[in-house]
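Visitor: when you get a sec, could you give me coordinates for this:
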Amino acid sequence: MMVSRYALLVVGLVCLGAEAFAPRPVVLTRTTTTTTTVSLAAVTTNGDTATAAVEYPKKVAVAGATGRTGYLIVQELLKSTEHKNVQVVGLVRNITKAEEMLPSKFNSIRYEPNLEVKQVDFSNPTKLQQAVDGCDAVIWAATGFTNNYDPSAAAAAAASQGGSKKKEESILDKVLGVLGLNNEKADKPAAADDNTPKESIDDIGLPALAKAFEDKPTGGTPKIVMVSSAGVTRPSWDQEKKTTLVGCADIPIVRLNPFGILDIKAASEEKLRQSGVDYCIFRPCGLNDEWASGQRPVLSQGDVAVGRINRQDVATLCCTILGMKEATGKTFEAVTLGGYAPGGPSTIASTLSKFQLDADGPLSEDVVVATYGLMQQLLPGEKQDAAALAMGQTYEQLDKDETGRLGKREEEKTEGAVPVPTN
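Guide: Have a look, this model is predicted:
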């Protein structure tokens, strides 16, 4: 009875509004004992709620360094005072694009001595392992497919996690562009090997990197930080769970799940978990570059979070958790809450320390439902109904009953939403 009253108290605090618990971000966890709790952890802007030791690696590789998120991660590592003098290795597939974008030795105007750029075939495990030789850690921000990728084959490979319908590859590229998932599509080598395996690069690259880092000394901090996506488990939920958690189970990306992309991501996550390497899996919610950056991150577990986060905040979080033992072996989601200043590294560590290890199994359904109810109150807009959105429609458009850029719900025209990237 004590646990139930505590859970109700927490939900009641949130019902009072953000001011009732400012400046504390929402932290929802389950303890590792048999007692289930939902808790709020204080996270202030000056970081005085925790004194966690942050041990940043000296040399960090960034896979997908010319992607929209990967590029920002590189910049964050180079400029941040917390990561001063960190050597950065940008892994890319298109060296010409890297020369134009990154302040490496290729760019005499914006030369950055702490950045080395390497062209890598992400579908070749040996080459990928060689590229990270000498690195202490890697942030995986790459998403894409080998050049002969077959959507139906990849979906079949991830069948244990769900399914997808077969589509044309050209449409695939466009849909992934809409979702912000094809970060490395433009980075493939000009000369492609026709015998390249028909797989996602996550499927190939993450196990290869795990093997590269398996024998490296560890201080308990993550060797691999994977940028995944919120919603990856939702297509595999049973109908009862989807009905109970409809506000996150019926959002556009989950409802459409184009080409089984969420299933493929979920399968790649599991490969990383089973690899034995120290890791952290970060699942940002809706990536929105028009949503203000530098806002309060709201972290949760259970894959029920829905909302927005700017890619810059994703990059900042990735670089921050890279040096935190509290992040190791855990999977979490994040949105940002407008109007509140972000927490510092020690406050993020305090939050993560309360999260459950993946090795301890899934959260109890009671905690998942409580987390879901809390996160739904933090949705943008007035209607706060993510399940009513169409792909490409904003919360603001929903409030005004305006149609989004891809059409009405269940009639979305994803083809031609964005141009196919060029090399």
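Visitor: for the stretch 1-150 of the chain, which spans come out with low pLDDT?
Guide: Applying pLDDT under 70 to the stretch 1-150 of the chain flags residues 1-54, 104-111, 146-150.
Visitor: mind pulling up the pLDDT for residue 299?
Guide: The score at residue 299 is 97. That number is its pLDDT.
Visitor: that one: what secondary structure?
Guide: What DSSP: H, G, I helix; E, B strand; the rest coil gives for residue 299 is strand.
Visitor: can I assume it is in contact with residue 336?
Guide: No. Residue 299 is beyond contact range of residue 336, at 10.2 Å (criterion: Cβ atoms under 8 Å). In short, each C-beta sits where N, CA and C put it, glycine included.
Visitor: what's the longest strand in this protein?
Guide: In the chain, ranked by residue count with DSSP state E as the criterion, the top strand is strand 330-337.
Visitor: hey, where'd the strands end up in this structure?
Guide: 59-63, 87-92, 115-119, 137-140, 224-227, 279-284, 286-287, 296-300, 308-309, 330-337.
Visitor: CA atoms only: put the longest strand of the chain into CSV for me.
Guide: This file holds the C-alpha atoms of strand 330-337, laid out as CSV (Å, rounded to 0.1, in the frame of the first residue of the first chain):
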residue,chain,number,x,y,z
LYS,A,330,21.4,1.4,-19.4
THR,A,331,18.9,2.5,-22.1
PHE,A,332,16.9,5.7,-21.7
GLU,A,333,14.7,8.1,-23.7
ALA,A,334,14.8,11.9,-23.6
VAL,A,335,12.7,15.0,-24.5
THR,A,336,13.3,18.5,-23.5
LEU,A,337,11.0,20.8,-21.6
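Visitor: given it, what are its sheet partners and their directions?
Guide: Using DSSP bridges, the strands paired with strand 330-337 in its sheet are strand 279-284 (parallel), strand 296-300 (antiparallel).
Visitor: residues touching residue 269, list them.
Guide: Listed by Cβ atoms under 8 Å, 6 or more residues apart in numbering, the contact partners of residue 269 are 226, 228, 232, 281, 331.
Visitor: what is the burial count for residue 141?
Guide: Burial measure for residue 141: 28 neighbouring residues, criterion other Cβ atoms under 10 Å.
Visitor: coming back round to it: got the strands paired with strand 330-337 as a markdown table, with mean neighbour count and distance to residue 386 columns?
Guide: Compiled in a markdown table, these are given as follows (neighbours: other Cβ atoms under 10 Å; distance: least, Cβ to Cβ, whole Å):
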| stretch | mean neighbour count | distance to residue 386 |
| --- | --- | --- |
| strand 279-284 | 25 | 15 |
| strand 296-300 | 25 | 15 |
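Visitor: so which of those comes closest to residue 410?
Guide: Closest to residue 410 of the strands paired with strand 330-337, according to Cβ to Cβ: strand 279-284, at 25.3 Å.
Visitor: what comes into contact with the closest one?
Guide: With Cβ under 8 Å, 6+ apart as the criterion, strand 279-284 contacts 210, 222-232, 269, 272-273, 303, 305, 309, 314, 317-318, 321, 327-334, 358.
Visitor: and the closest residue to residue 245 other than its chain neighbours, what's its pLDDT?
Guide: Residue nearest to residue 245 in three dimensions, not counting chain neighbours: residue 372, with 5.1 Å by Cβ to Cβ, 6 or more residues apart in numbering. Looking at residue 372, its pLDDT stands at 97.
Visitor: pretty sure residue 372 is in contact with residue 302, am I right?
Guide: Yes. Counting by Cβ under 8 Å, residue 372 touches residue 302, with 7.3 Å between them.
Visitor: quick one, which of these two is more surrounded?
Guide: residue 302 (26 against 22).
Visitor: now do the contacts for that one.
Guide: Residue 302 neighbours (Cβ under 8 Å, 6+ apart): 28, 333, 363, 367-368, 371-372.
Visitor: farthest pair in the residues you listed?
Guide: Set against one another by Cβ to Cβ, the contacts of residue 302 have their most distant pair in 333 and 367, with a gap of 13.8 Å.
Visitor: neighbour count: those two, which is higher?
Guide: Just comparing residue 333 and residue 367: by other Cβ under 10 Å the higher neighbour count belongs to residue 333, 28 against 22.
Visitor: next up, the contacts around that one.
Guide: Going by Cβ under 8 Å, 6+ apart, residue 333 touches 230, 283-285, 299-305.
Visitor: rerun at 6 Å
Guide: Going by Cβ atoms under 6 Å, 6 or more residues apart in numbering, residue 333 touches 230, 283, 300, 305.
Visitor: ok, it to residue 305 distance?
Guide: Distance, residue 333 to residue 305, by Cβ to Cβ, to the nearest Å: 4 Å.
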